[in-house]
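>>> Can you look at this prediction? I've put the sequence above it.
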Amino acid sequence: MCSSRLMSKEVKLPFRLDVELTEVMRLRVQSLQQRGQKRQEGERLLQGNEAVYRLDFSNQSLQFSHWKVWLAQPGRLTIMGTSQLWTPDLTNLMTRQLLEPPGVFWRAAGDGDDAPVQCYEADADEFGERIAELAKVRKVMYFLFAFSEGCSPETVDCSITFTMDK
């Protein structure tokens, strides 16, 4: 667990796979390939090792607390957030709509089963704080999960914990 502040009233939000949106984005790639067309300038196409996940916010007054990432086997998970300007039902995802820094979490081959998942903690904390800020104006937020080095959707469990603003 990569963590920063732990406080009282916590809200744990699981990242949920958005099957429909992932499929729509895969179909966009397939359609371009079939027609021999190129992506729009600046468009961010979904890669084969990526899927779209979402967070649903029931409360908009949140402070980031910590990440809870579990990897069943060695691998790397990179989580990229999208800005509030992306409306997936209306527009294609553009690279400028991806938030920096991404959250990068991994488990090395030599790590024991009880070893904690590693992360770039400062980046993960900054990313968590950005998500909390965006939650103030969003009810739903979308993320690209990139699975690599042995990591897959079936071997990952990921949530983010916030504390409620008073």
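It's in.

>>> all strands for the protein, in order.
All strands of the chain, identified by DSSP state E, fall at 10-14, 16-17, 50-56, 62-71, 75-81, 103-107, 118-119, 140-148, 156-164.

>>> Mean neighbour count, distance to residue 126 and mean pLDDT for these - can I get that in TSV?
All C-beta atoms are positioned from the backbone trio N, CA, C, and that covers glycine. As requested, the strands of the chain are arranged in TSV below (neighbours: other CB atoms under 10 Å; distance: least, CB to CB, whole Å; pLDDT from 0 to 100):
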stretch	mean neighbour count	distance to residue 126	mean pLDDT
strand 10-14	14	18	95
strand 16-17	13	23	96
strand 50-56	19	17	96
strand 62-71	21	9	95
strand 75-81	21	11	97
strand 103-107	22	9	96
strand 118-119	18	12	96
strand 140-148	19	15	96
strand 156-164	19	13	95
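
>>> Now distance to residue 40 too, for the ones you listed, in TSV please.
What follows is these, written out as TSV (distance: least, CB to CB, whole Å):
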stretch	distance to residue 40
strand 10-14	32
strand 16-17	26
strand 50-56	18
strand 62-71	33
strand 75-81	19
strand 103-107	27
strand 118-119	33
strand 140-148	17
strand 156-164	30
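
>>> Any idea which of these gets closest to residue 127?
Set against residue 127 and scored by CB to CB, those come closest in strand 103-107, at 4.7 Å.

>>> Nearest to residue 29, out of the strands of the chain?
strand 50-56 (10.4 Å).

>>> partner strands of the closest one, parallel or antiparallel?
As defined by DSSP bridges, the strand partners of strand 50-56 come to strand 16-17 (antiparallel), strand 140-148 (antiparallel).
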